[in-house]
Every structure is written in structure tokens, then in C-alpha cells.
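> Pasting the sequence and the predicted model now:
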There are 2 protein chains.
Amino acid sequence: MTTDAKILSALRANPDGVSGAQLAEDLAISRAAIWARIEALRTAGYGIEAAPHFGYKLVSWPDALHADDLLARLGKTKVIGRDIRVFEETSSTNDVVEKLARDGVREGVVVFAESQTKGRGRLGRKWMSPTHKGLWFSVLLRPNLRPQEATQLTVISATALRRAIKTVAGVRVEIKWPNDLLVGGKKVVGILTEMSAEVDRVRHIILGIGVDVNQDAAEFAPELRSIAASLKLAAGEEICRAELATEILRELDADYARIGGGKFSAVADEWEAACVTIGKNVTVHTGELKFRGCAEALDDDGALLVRTEHGLLERVIGGDVILEK
Amino acid sequence: MTTDAKILSALRANPDGVSGAQLAEDLAISRAAIWARIEALRTAGYGIEAAPHFGYKLVSWPDALHADDLLARLGKTKVIGRDIRVFEETSSTNDVVEKLARDGVREGVVVFAESQTKGRGRLGRKWMSPTHKGLWFSVLLRPNLRPQEATQLTVISATALRRAIKTVAGVRVEIKWPNDLLVGGKKVVGILTEMSAEVDRVRHIILGIGVDVNQDAAEFAPELRSIAASLKLAAGEEICRAELATEILRELDADYARIGGGKFSAVADEWEAACVTIGKNVTVHTGELKFRGCAEALDDDGALLVRTEHGLLERVIGGDVILEK
């Protein structure tokens, strides 16, 4: 952790205040250095009061994401979020992480952007990322998986996001196969899982996650209003993005440990229970193929098993699955 | 085609010679321009004689690879080799093509290097690429496949290489699953198939191919002499690398058209017939797993089906498969 992250961590751990002397001792730096960092944090928008005899006290924080604050909030994790980077603007956080991956950065690094100029979704579709309104981030992973097992990462992302959103925003989300999270039938989260692989082994996977957090209805394009929503609209109040971000990373870190260790079936069960697609009649578009059927279950690799009108069980790993009303 | 490629093409098509006037007319440029290009080709090592009344005649060519010459020799193809680039030295041709792929270059581009400083094989292993002794090249493809179908590209590469080597060097090679070509039990070709993908669709595939062509026995490291060989050692004579390179691209282009069009099973049959692994007792090392069995067949996705000692049929998609003596 950086000095700023350690200071913010200590301030959060001591809501009544902590003295400059104590901070200096704990961090093994001078009181003058502590004072300088406190000033820098104030400049970044952190409301830090200093009263004689009571020390420093954190009373407010900015809505903007701050890597040190995210690290301080997150605390210790096994893999995900040991390294967090925040950009004010990038083309796409997946592109930034792709470059880090090629440079050999170890797994678990997370890159957030306050806005993306070229955010993208599945199948090359565009993803809107309005400034400071959502969480637009990507996670680098290097799991020991075969290419066809990469779907497991999409599955754990969905379950982790679902638990985190319930905890922080109090909102129940449903999962729509393969990678959307819905509130009241409207999309609030998209997940894009990209990989670099040899034929028989994954080299790295980049999880790109977009969460619509604090948009008002008017902030969605008119043609999207019937199909997209934000957590704020669902919860009826503004959501703290930093709190949500760290809760997502914490849950994702927990679920990532269940990959590969033979514990994936428990995650798959949780996923299936929350999946609005299972048990529904669906129309499947996959490449040139189009067929109707009933979505029966998820298989071990995260593929959707659809019983067609002719009684055949089709294994669907991609394309579009449309729920029939 | 470039002007140089057109000139070389015309010279090859007219072994008795072609006049400067004819070349100028066919290429719609001045005779002075033709003369300047002929001079440039001579500087590059092409032996071009000019006799009064007989015109220009190609009598010799350099061993070095030359993009224009490769284009001229190859002629028209459907996809592979419409764009050929030759580097004297690169880190790895797969890295060069990876960059082209991200820049949006269309499929079919082929990058050759006369030597690679960081050539690599499967599972991150090092690949030796001595200058001018072999063919070290990579091909960019954008097939409409799912990640688990990428093995098909390794399969068509093996069959295409096998036919081309038979035609040009007169050498029969055997296929060792998944990606080696052998002569007399020694490796002469390695294929590395790398991909960039979403969970359900391949974005691009890079075929990295290394062919040991003209090394003498002494040019292999002592520890490799019992397991590696060159086509020259097998054929008993020097092989023209440019001729072999273009024959490989021609065969690869033909087999690539059989992917996705439902014609893959014919390639798979050809592959199986040439595969020294099928019908043999093998030891399989895959990740932490190790087991023995008999390699029975190849399945539709190019995976090896191995009947274990306990009678189970295991589907092997990666790792190492060692033939038992």
C-alpha cells in the first residue's frame, strides 16, 4: 500500500480521529511528511478535519475514484486488487489491461477509468461509459484453464457482482445468460470476458465490467430507456461508487479462489438459482443459426443447455439468447 | 503486386527471356523505369542477364527471402499470402503479426523473418531460428470459429506442410500429435497456434510455423541432434526456401477454405492417416495429470482420443504426448 492508502486506511479504522504523532509512528515517517500527505488528500477532495488533541478525522470523501482510497477500503485480498490503477479517461480499460498483460504484469491488477472513449461490449458492440456515473473497470487474470473453460470467469463475475450489489445498494439483480445483470428486466451490468490463449491453455483473461450506478433516467439515450437502468434508479438513492467497487473486488477475489479448485459447481449452483434464463422459453441466435427452445440448465463449462422444439438438447456457448414473454 | 514482383513474375513466366519493351508495355511504365528496377533486383542478388535482341533473362536468385519474389512465385490465392512481409530479424514473427492484428490488418498477411531473437514454441518453450537456415513465419487468420475449434487450424497446418514438403523436398513427414512434423522420428517442423478470443468466438488466430530447412547436423546443438533434423539432412540436398515457402502458403490457402465449410472432416482423415500417434501406446502429461493409454483417433475438434489402461476414453487437447517404443 502507498502512504496515502495507509493514511486513509488508518482514518477509516479510527472514525473518532487519529493523531499525527500516531500516524507518523505507525507509518514510520515524519509528522511533517504526514502533514504534507494530508494536505494532498484534502486537495484530492477528502474532507479531513484536524482538531488539537483529537488529531485527524475523515469526515467526507469525493465521489471520484482514487486508487489509494480503493486500496485502503479493500484491505488484503488473495489475488484481485493487490494493484489498483485509476485513469480519468482511457479508450477502454480492457485495452489498458491488455497492454499490462503483454508487459508481464502479474494477475489481479485492476484498472478503473472514470470515462471510456471506446468502451465495448460483447460481439464488438459499443458500451456507453458516462463520466463518474458508473464503474468501468477491467481485471487481469492468469488462471490455469483451457480456452473452453473461460466461461467460468463470466459466471463467477456475475455471482460476485450480484452479492456485492445486494450488500451495497440493497438491490436484487437477476442474471441473464450469458453476461448481463438485470433489475426489473433492465440491464444494469455488462461483462466482457476476453482471452489470449494457445489452443490448449489460457495465457490470460481480461474481465471487463461495466456497472451503471448513478445515472438518472434522462441520462440514458431515449432508445435505451426501456432496456437499461442504473442502480440509483433501482435503489432510489445515490450509491457510493468506491464502496461498491471494493465490495465487488472482494467478492470476485473470493469466487476466483473457487475456480480450478474443483469448487466451481457451488458457484454454478448459485448462478443457476439467480438466472432468469433457466426454465424460460428462449430464442437463440448464434452465428447463422436461429432456434427456439426451453433453457434447461448450465453445464460444467458455463454453457447453456437448451431443449429445442424437436426435443434435442443444444449446448449454447455464445450468441444472443432472447427471453420470450 | 509491386512492380518488382510483376517483373520477377514475368521473368519466371518467360525462361527464354523477355524484352524491356514488352515489360514496359505490360507494366505500363517506361523502359527507363524497368531498367532501374532490374538494377535494383540485381543489387538484391537476382542474376538477370540482358542480351541484345533477347531481352532480360532470370538465371539465378539469392537464397535470401524477398517479399516481391515470394508474391511473384505464389501468384493468386484466396486468403493466405495476399500480403507478404519479410524482416531480416525480429523478436518473434508471432509478435509482429499480433501487432498487425491489433492494428486491424486483414487476414492472410504472412510475416517471414530470416532470424528471430525470441522465437518460441508451445507452452512458452524457446524455438531456435538460425539465420537463413529455415522458414520462420506467421500467418494472421480471422476465422469464424469458437475457441475450442481453433485446434482445426493446427490440423490444416500440418496437412498443408506435409504436402508442400513432399512436393518440394521429396521428403515424407509424419505427424506427431498435436503439432510436430517428424522425419525418421526427428522433429523438422513446429506449429504454434495462438488466439485472441471472446468466450464464444475467436477474434483472430496467429499460426506460427518453424521449418528446419537447410541446417547441417553440426548446426544443431548436441542435445538436440537425436530429436531434431532438417529437410536438407533428410533429402540429401539443399532445399530452395522460397520455393518451399510459397508451396506451403499455396497448400495452406487451399486447406483454409475447407475450415468452417463443413469440409473439415476430409482434412481430419488425411491428418489421421499421416499421424504416427494414432494406434500407438502413449504417455500423456497434461497439467498435473499423467496417464498411459492407446491413442485411438482424432475427434471433430482435433482433440486426441486416448483409451486408458482402465478402458476409459480420455479426450486430450493439450500437454505432452510421448510415444512409447
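Arrived safely, thanks for sending. Residues are numbered from 1 along each chain as shown, chains lettered A, B, ... in the order given.
> Please list the residues of chain A that sit near chain B.
Contacts of chain A with chain B, taken as Cβ under 8 Å from any Cβ of the partner chain, map to A:122-123, A:144, A:146-148, A:150-151, A:153-154, A:178, A:192-201, A:287, A:302, A:317-319. All C-beta spots, glycine's among them, are computed from the backbone N, C-alpha and C.
> Where does pLDDT dip in the stretch 151-300 of chain A?
Applying pLDDT under 70 to the stretch 151-300 of chain A flags residues A:260-262, A:287.
> okay, now the residue of it found nearest chain B: neighbour count?
Nearest residue of the stretch 151-300 of chain A to chain B, counting by Cβ to the nearest Cβ: A:Asp200, 2.3 Å away. A:Asp200 is flanked by 23 other residues according to other Cβ atoms under 10 Å in any protein chain shown.
> Kindly report the same for the one 5 residues further on.
Close neighbours of A:Ile205, defined as other Cβ under 10 Å, add up to 24.
> what are the ranges of the helices in chain A?
Secondary structure of chain A (DSSP state H): helices located at A:3-13, A:20-27, A:31-43, A:67-74, A:93-102, A:151-169, A:231-235, A:241-256, A:264-273.
> Residues contacting the fifth one, please?
Around helix A:93-102, the neighbours that count as contacts under Cβ atoms under 8 Å, 6 or more residues apart in numbering or on different chains are A:85, A:87, A:90, A:109, A:111-113, A:116, A:118-120, A:136-140, A:192, A:194, A:196, A:203-204, A:206, A:208.
> Buried residues in that helix, which are they?
A:93-98, A:100-101 (16 or more other Cβ atoms under 10 Å in any protein chain shown).
> Adding pLDDT, write these out as CSV.
Output for these, formatted as CSV (pLDDT from 0 to 100):
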residue, pLDDT
A:Thr93, 95
A:Asn94, 94
A:Asp95, 93
A:Val96, 95
A:Val97, 96
A:Glu98, 94
A:Leu100, 96
A:Ala101, 94
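> of the contacts of helix A:93-102, buried ones?
For these, a burial check counting by 16+ other Cβ under 10 Å picks out A:85, A:87, A:90, A:109, A:111-113, A:116, A:119-120, A:136-140, A:192, A:194, A:196, A:203-204, A:206, A:208.
> Looking at those, which are in strands?
Among the buried ones among the contacts of helix A:93-102, the ones falling in strands (DSSP state E) are A:85, A:87, A:90, A:111-113, A:116, A:136-140, A:192, A:194, A:196, A:203-204, A:206, A:208.
> Break chain A down into its structural domains.
Per the record, chain A has its domains at A:3-60, A:67-273, A:281-323, by automatic domain parsing.
> okay, those domains in TSV with distance to B:Gln215 next?
Listed next are these as TSV, based on distance: least, Cβ to Cβ, whole Å:
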stretch	distance to B:Gln215
domain A:3-60	56
domain A:67-273	26
domain A:281-323	43
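> Packed most tightly, which of those would that be?
domain A:67-273 (a mean of 20; mean count of other Cβ atoms under 10 Å in any protein chain shown).
> Enumerate every residue touching the spatially most central residue of chain A.
In chain A, the residue lying closest to the centroid (Cα atoms, centre = their mean) is A:Ile209, at 4.9 Å. A:Ile209 makes contacts with A:135-139, A:157, A:161, A:189-192, A:248, as judged by Cβ under 8 Å, 6+ apart.
> how about the residues you listed, which pair is most distant?
A:Leu192 and A:Ile248 (15.2 Å; Cβ to Cβ).
> Now do the contacts for the residue lying closest to A:Val97 once chain neighbours are set aside.
Once flanking residues are discounted, A:Val97 sits nearest to A:Ser138: 4.3 Å by Cβ to Cβ, 6 or more residues apart in numbering or on different chains. Shown in contact with A:Ser138 (Cβ under 8 Å, 6+ apart): A:93-94, A:96-97, A:110-111, A:206-209.
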